[in-house]
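[1] here is my input; please provide its structure:
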Amino acid sequence: MLFAGWVLMALCVSQAAQAAPDEALPAPTGTVLLEVKGNVAHQNSAGEAHLDMAMLKSLPQHGFDTNTPWTSGVSHYSGPLMRDLLEYVGADSDAVQVSALNGYAAEIPMEDFYDYDVILALERNGEPMPIREYGPLWVLYPFDQNEVLLSEKIRFRAVWQVMRIDAL
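    The predicted model follows:
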């Protein structure tokens with residue numbers, strides 16, 4: 001009985017940390033770097049979630065060391081897990097479309113974010129990433145952690161210069 005009480009309390013604490021359904025997100029105070037559109041419950045701008053760097057950094061941060069097909073050598077990348085970001089905005093979908101500044105877009109199944117620790121990288125080796133170096137936001141897979149991630153299909157999902165995510 002005591003164990004069941006602890007489980008119930010843990011679930012309640014977990015739910016309390018998330019925004020209530022249709023709860024408004026705080027408004028960004030800095031430059032909006034990311035727009036999340038589509039089926040999102042937590043919004044702060046006309047049916048969308050707009051996030052600045054401070055909001056992205058307020059989410060739990062995760063990091064890993066990896067090589068990428070586009071950079072040389074191993075680097076440390078950090079940022080929020082994509083699953084945490086999408087839960088923060090209340091995205092309810094089976095897939096998202098991630099769009100870049102240059103017009104590139106990739107559809108990513110939500111299961112990727114739960115099968116792998118995919119991050120929205122905000123930093124490389126402890127420094128913000130400028131646009132010319134794949135930033136400021138990069139959907140990044142931990143390529144060195146699983147050889148399955150080295151496939152062409154997964155590489156096409158690692159979108160850099162992210163500006164928008166659409167919950168499909």
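[2] wait, doesn't Ser99 sit right on Val139?
    No - using Cβ atoms under 8 Å, Ser99 is not in contact with Val139, being 10.6 Å away. The C-beta positions use only the backbone N, C-alpha and C, and glycine is treated the same way.
[3] between the two, point out the one with more neighbours.
    Under the criterion of other Cβ atoms under 10 Å, the comparison of Ser99 against Val139 puts Val139 first, with 24 against 19.
[4] now that one: phi and psi?
    Main-chain torsions, Val139, degrees, to the nearest 10: phi -70, psi 110.
[5] ok so, going back, what touches both of Ser99 and Val139?
    Common neighbours of Ser99 and Val139 (criterion: Cβ atoms under 8 Å, 6 or more residues apart in numbering): 159, 162.
[6] distance of the residue positioned nearest the centre of the chain relative to Lys37?
    With distances taken as Cα atoms, centre = their mean, the residue of the chain nearest its centroid is Met82 (2.7 Å). Using Cβ to Cβ, to the nearest Å, one obtains 16 Å as the distance from Met82 to Lys37.
[7] low-confidence regions, the chain specifically.
    1-22 (pLDDT under 70).
[8] now do 50
    1-21 (pLDDT under 50).
[9] let me see the ranges of the helices in it.
    With DSSP state H as the criterion, the chain has helices at 2-17, 53-58, 82-88, 110-115, 152-155.
[10] what about the residue nearest to the centre of the chain, distance to Arg164?
    14 Å.
[11] ok, and what's touching stretch 148-157?
    Contacts for stretch 148-157 (Cβ under 8 Å, 6+ apart): 69, 98, 106, 108, 112, 116, 139, 141-143.
[12] sorry, that was for stretch 50-67
    With Cβ under 8 Å, 6+ apart, stretch 50-67 has contacts from 25-36, 44, 73-81, 84-85, 88-89, 117, 119-120, 122, 128, 136-137, 140-145.
[13] any idea how far it is from the chain center?
    Relative to its chain's centre, stretch 50-67 lies at 8 Å (Cα atoms, centre = their mean, to the nearest Å).
[14] Leu120 reaches Met82, doesn't it?
    Yes - using Cβ under 8 Å, Leu120 is in contact with Met82, at 5.8 Å.
[15] and for these two, which residues touch both?
    Joint contacts of Leu120 and Met82 (Cβ under 8 Å, 6+ apart) are Val139.
[16] please enumerate the strands of the chain.
    According to DSSP state E, the chain carries its strands in the segments 32-38, 49-52, 61-66, 75-80, 95-100, 105-109, 119-121, 123-124, 127-128, 138-140, 162-167.
[17] and the fifth one, how far from the chain's centre?
    Pointing back at strand 95-100 there. Per Cα atoms, centre = their mean, the centroid offset for strand 95-100 relative to its chain is 11 Å.
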